[in-house]
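Enquirer: fold the following.
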Amino acid sequence: MKLLYALLCDNAFLSIDKKVNIIGVFETIGASKFPITHPKFVIVGSIAPDKRKFKMSLNIVSEKSKEAILGNLQEREVSLPEESKDQNFNFIIEVVNASFNEPGIYKVEISIDDKVVGEIPFKLVEGSLSSVGSPS
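Expert: This next block holds a predicted model:
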C-alpha cells in the first residue's frame, strides 16, 4: 500500500466524472483561545492499493503529548470491487467538532491494516492567522 497524497482542506467532493475537487487547503488553524472545538475540516487522500480488502483508519495525534485526539477516526473495512483493479482508492473524510486543548503541532496518521502509511502535519496557533508570524 502506498499513500500517493493526503492533505487537509475546508471541503472536498467528487465530481460527476469522479475527479476529486479540493477547496481551501491549509496547514495551520488559528484560534483566539484554547481549548477550541474546530467546527469542520476534511481529510483528502489517495492510496495505490496492493490488495482489494484492507482496514483503514485515521488518528489525530498531538506531537507534544503523543495522545490521540480522536482515536482511529473513521476506521472501516474497505472492499474494492474487481473492476477497480489498477485504480487508486481516493478518500474524503469529514472531521466535525474536533476539540484541541492547546496550541502546538499535530498530525493526522493514516493507517492501513494497523500500519501507519502516511502523516499530515498541521499547526494550531493562538491568535488570528493574519497576525501569525508578524512582529509584535
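Enquirer: pretty sure Pro35 is touching Phe100, no?
Expert: Yes - applying CB atoms under 8 Å, one finds Pro35 in contact with Phe100, separated by 6.4 Å. All C-beta spots, glycine's among them, are computed from the backbone N, C-alpha and C.
Enquirer: more neighbours: which of those two?
Expert: Neighbours per residue (other CB atoms under 10 Å) separate Pro35 from Phe100, with Phe100 holding more: 18 against 9.
Enquirer: centroid residue for this protein?
Expert: Centroid-nearest residue in the chain: Ile43, 3.4 Å away (criterion: CA atoms, centre = their mean).
Enquirer: do a quick rundown of the helices in the protein.
Expert: Taking DSSP state H as the criterion, the chain carries no helices.
Enquirer: lowest-pLDDT helix or strand in it?
Expert: Least confident element among the helices and strands of the chain, by mean pLDDT, DSSP states H and E: strand 73-79 (a mean of 75).
Enquirer: returning to what we had before: do you know the pLDDT at the residue nearest to the centre of the chain?
Expert: In this prediction, Ile43 carries a pLDDT score of 95.
Enquirer: low pLDDT regions in the chain?
Expert: Low-confidence segments of the chain (pLDDT under 70): 71-74, 84, 128-136.
Enquirer: circling back to that earlier point, how far off centre is the least confident helix or strand of the chain?
Expert: Distance of strand 73-79 from its chain centroid, counting by CA atoms, centre = their mean, to the nearest Å, is 14 Å.
Enquirer: equivalent analysis for stretch 93-113, please.
Expert: Remark: stretch 93-113 is offset 7 Å from the chain centroid, using CA atoms, centre = their mean.
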